[in-house]
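[1] Generate coordinates for the sequence data below:
(2 chains)
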Protein chains: 2
Amino acid sequence: MQLTREKWSKNFSEWFEWVLREGEFYDYGRYPVKGMGVWMPYGFKLRQNVINLIRNLLDSTGHEEVLFPLLIPEDLLRRESTHIKGFENEVYWVTKGGNEDLDVKLALRPTSEVAITLMENLWIKSYKQLPKKYYQIVSVFRYETKATRPMIRLREITTFKEAHTVHETYEDAQRQVKEAIEIYKKIFDQLAIPYILSERPEWDRFAGALHTYAFDTIMPDGRVMQIGTVHHLGQNFSKALDFKIQKKDGSLDYPHQTSYGISDRAIASIVAIHGDDHGPVLPPTVAPIKVVIIPIPGKSEDETKRIIQYSLEICDILNKSGITCNADLDMDKTPGEKYYIWELKGVPIRIEIGPRELSSNTVFIKRRDNLKPYTIKREEIVSKVNEILDDIQESLRKRAWDDLKSKVKYSNDIEKIKETLEKDLGIIEVPWCGRNECGLKIEELTNARVLGYPTEEEREINDKCVVCKMDAKTVLRIAKTY
Amino acid sequence: MQLTREKWSKNFSEWFEWVLREGEFYDYGRYPVKGMGVWMPYGFKLRQNVINLIRNLLDSTGHEEVLFPLLIPEDLLRRESTHIKGFENEVYWVTKGGNEDLDVKLALRPTSEVAITLMENLWIKSYKQLPKKYYQIVSVFRYETKATRPMIRLREITTFKEAHTVHETYEDAQRQVKEAIEIYKKIFDQLAIPYILSERPEWDRFAGALHTYAFDTIMPDGRVMQIGTVHHLGQNFSKALDFKIQKKDGSLDYPHQTSYGISDRAIASIVAIHGDDHGPVLPPTVAPIKVVIIPIPGKSEDETKRIIQYSLEICDILNKSGITCNADLDMDKTPGEKYYIWELKGVPIRIEIGPRELSSNTVFIKRRDNLKPYTIKREEIVSKVNEILDDIQESLRKRAWDDLKSKVKYSNDIEKIKETLEKDLGIIEVPWCGRNECGLKIEELTNARVLGYPTEEEREINDKCVVCKMDAKTVLRIAKTY
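    This next block holds a predicted model:
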């Protein structure tokens, strides 16, 4: 078996749908509502592990989980006018209850800023209660007109983690933006997903935000996918909902807010980015099964029995030490068929146990990520497996980051940029004067999308704007996006 | 402080809304959609603990968690005709996406039998894959025409655990019904909720079921509330969706199914049943905070500082041993104000630490359920607190069961039955011949609801049917219900 990434990178969409369905992650395209899929048991466990990882990071930084109603009355959704304009064409409306027409149309939440601000107005009266950080993990709905894709562009986004925070001052909210960015970096690091962080340009901010910061990653086909956003909302929503608090100096004023979200796309990235032609490789931090044991039949029925017994003992040792293990004892399938199935499920370590391992009191380990084999003594199994899992996690992270970095290029030549975006895709950084008109022109000339500009480090650019040829102030990142 | 249950039992609705909002469980009646409320952080934690308890019991009995889309197309929902008739008047319909009218109306799931059976038809081909047990925990929607009540009668039921199973034969499905009943008994036992199990009469079965078994409990005001149901669906849904499997004998046939559900009402029961005039008493199995520590200020600033230090040490010891503890250090509130707040949140144990405890290296414990005080040495804190928590759990369970049993009465006198149902409420068992017409007549005569008849033990009835005066075959349970 050779490690290949031909199908994975060249026919990514096909590869992805095959993995999701055949690997029993997510059944898509067969449920009779466009853009909505079913989380199957194995995929649900992966999803749950990702959710738990996110929850731990949010809870440990003072975020409190809540659950708001799905339905938002039309008049409430219209309270912040920029906001509703951004979503108007994508909202699903409930208009009937039983056979009755409803008096007020009810939206399936596209996001929850207005609903949450409405209740914050009842709950929060004073700066003493601030900062306040809420979050919920819910389905949100978008009546997408673009082509839908499993987990990537859905009409029901089933795993939307949305955080909403309230602060006394603009600066406090800006500090929260920084905290959110740090938390998201930790989340993506633990998921071994590489990212590039940009501030979105003015014309591509979240509807109702003063600033939008976005995490993007690059998918195997070179297209760029937004995987997380952080918004400084200023006082836009608190003003729209007349939400005031008492400040330290005794005055009443509108508080400042932020919101930040991560969706199913985090899970899509995990499945996609670490893949090869045999399927995905799940990072050990979130793999539902970390080790699968496949017994190799012996020369006699008795030997096979002893091999199975030995396999169960090893599996038990691993499970008891906290390493989720599954022994595949289905005797209707050949070992080869089982390899295929468990590779497709992305289980990071395979253990084969046959007559040789039985007689030598060892196990044979094969890593899913690089196919490296190990023969391990029984008494070393737990420490060695933990070591290999750590190494897989680190290797996945490193390879994915190297891959991403190799796909971020710099160019100041429009023709070359267009060519690269057609052929290799990825992200191109182009010198930019900082003016919106030139940014929009770049999108037009390249038929690509502006991701935004770097936020964290100051970037020294000794070049001219690719459009107007004036001195460039920063780079603008452009890409073909999902 | 005296333990009283005056407000609790006499003005239960008022008490319940006060506890939910002031105890910061669930904000109801202020979100601008009728019958939909907001889970606040503290209530959300209680909900999460209940969900985890249910998940553990389901996962350990071979149930697999999945997640299906919220929306069900009208034509799919209409495939099982009895089923849709049962729900038709309560379905919320999505008719618009953006500004477009949808071709097919989409229902907000009222329950998921048809959607799940549709996908099972794609996933399950052979008896070898059976039994198959799926479940999901989701919001379901009912356009209720009756008066809504927080957590009890909602239009968005946010915590609907619905299980759906598939079996080769009728008998296999019947065995599953029994397993489900045993699981539900365990769930309610762990939540310290007493119940009475009945088979619902033919005229009150789940729409599309052959048999419906229901768990009912009695609320503090004497009204009866359904808290769990288990349905034998036979082949009704598999036939409606043309879902066939290969049986052991090689033939193709429709499999047999069951479904069973538990809702927010389980959480409502926990909050309601163990209450008193100061608020709820949460069973330690699911209490978000098991111990609250309240420091009592000392005679000097320095003494107070040492008391706070000591409180934090005790809190740390408890948290590290797995007993969730919170030290309330808010110095703007008096100890009395804090007692009020934490009683209202139902925290099972309060620890007071003042000068006396500091100097004697002890803690003063007060139980929430019976106000019993204890003075404990520091070194015994963990074992003693665990002992008291176990005792609280058992006392809550026992008191609630005694209370329920005292409210189940037997009568064969229609006038007396009517009087009891008006005055004391509870459940009345009446002798019954077994015929539907007499059952329906009992409902009419008493203006109450038939819960059904006992399933488990055979009941020897040496009496005459309360309507037709023929020999009674069993008892029929009647009650004023929620």
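[2] Would you tell me what helix or strand A:Ser269 is located in?
    Per DSSP states H and E, A:Ser269 falls inside helix A:265-273.
[3] List of residues touching that helix?
    For helix A:265-273, the external contacting residues (CB atoms under 8 Å, 6 or more residues apart in numbering or on different chains) are A:12, A:16, A:19-20, A:25, A:43, A:46-47, A:50, A:54, A:150-152, A:159, A:187-188, A:191-194, A:217, A:219-220, A:225-228, A:280, A:282-283, A:286, A:346, A:400, A:403. (C-beta placed from N, C-alpha, C; glycine too.)
[4] Check stretch A:443-460 too.
    Here stretch A:443-460 has contacts from A:196-201, A:204, A:213-214, A:216, A:224, A:414, A:417-418, A:421, A:427, A:432, A:439-440, A:442, A:467, A:474-481, using CB under 8 Å, 6+ apart.
[5] Which members of those residues occur in helices, if any?
    A:414, A:417-418, A:421, A:439-440, A:442 (DSSP state H).
[6] Reformat those as TSV; add distance to A:Lys178.
    Putting those into TSV (distance: CB to CB, whole Å) gives the following:
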residue	distance to A:Lys178
A:Ile414	35
A:Ile417	32
A:Lys418	36
A:Leu421	32
A:Gly439	25
A:Leu440	29
A:Ile442	28
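[7] Just the buried ones from these?
    Among those, those classed as buried by neighbour count (16 or more other CB atoms under 10 Å in any protein chain shown) are A:417-418, A:421, A:439, A:442.
[8] Nearest to chain B among those residues?
    A:Gly439 (27.6 Å; CB to the nearest CB).
[9] Which helix or strand in chain A has the lowest average pLDDT?
    helix A:81-87 (a mean of 87; mean pLDDT, DSSP states H and E).
[10] Please point out which parts of that one sit buried.
    Result for helix A:81-87 [16+ other CB under 10 Å]: buried residues A:83-84, A:86-87.
[11] care to break chain A down by domain?
    Following automatic domain parsing, one gets these domains for chain A: A:6-273, A:291-387, A:408-479.
[12] just those: most buried one?
    domain A:6-273 (a mean of 20; mean count of other CB atoms under 10 Å in any protein chain shown).
[13] how much space between the residue nearest the centre of chain A and chain B?
    Chain A has A:Ala266 as the residue nearest its centroid, 1.1 Å off, counting by CA atoms, centre = their mean. Separation of A:Ala266 from chain B (CB to the nearest CB, to the nearest Å): 16 Å.
[14] and if you look at A:Tyr260?
    For A:Tyr260, the distance to chain B - CB to the nearest CB - is 18 Å.
[15] secondary structure element for that residue?
    Taking DSSP H and E as the definition, A:Tyr260 sits inside strand A:256-262.
[16] by contact count, what packs against that strand?
    When contacts are defined as 3 or more CB pairs under 8 Å, 6 or more residues apart in numbering or on different chains; DSSP states H and E, strand A:256-262 packs onto helix A:113-123, strand A:156-167, helix A:170-190, strand A:224-234, helix A:236-240.
[17] Reformat the ones you listed into JSON lines and put mean pLDDT and distance to B:Lys7 next to each item.
    Formatted as JSON lines, those follow (pLDDT from 0 to 100; distance: least, CB to CB, whole Å):
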{"stretch": "helix A:113-123", "mean pLDDT": "98", "distance to B:Lys7": "24"}
{"stretch": "strand A:156-167", "mean pLDDT": "98", "distance to B:Lys7": "34"}
{"stretch": "helix A:170-190", "mean pLDDT": "98", "distance to B:Lys7": "41"}
{"stretch": "strand A:224-234", "mean pLDDT": "98", "distance to B:Lys7": "42"}
{"stretch": "helix A:236-240", "mean pLDDT": "97", "distance to B:Lys7": "37"}
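[18] For the ones you listed, give me CSV that also has distance to chain B.
    Shown next, in CSV, are the helices and strands packed on strand A:256-262 (distance: least, CB to the nearest CB, whole Å):
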stretch, distance to chain B
helix A:113-123, 6
strand A:156-167, 5
helix A:170-190, 18
strand A:224-234, 20
helix A:236-240, 15
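[19] Would you reformat those as TSV and include distance to B:Lys338?
    Formatted as TSV, the helices and strands packed on strand A:256-262 follow (distance: least, CB to CB, whole Å):
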stretch	distance to B:Lys338
helix A:113-123	20
strand A:156-167	25
helix A:170-190	28
strand A:224-234	34
helix A:236-240	31
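[20] Just give me the longest helix of chain A.
    Determined from DSSP H, the single longest helix within chain A is helix A:381-406.
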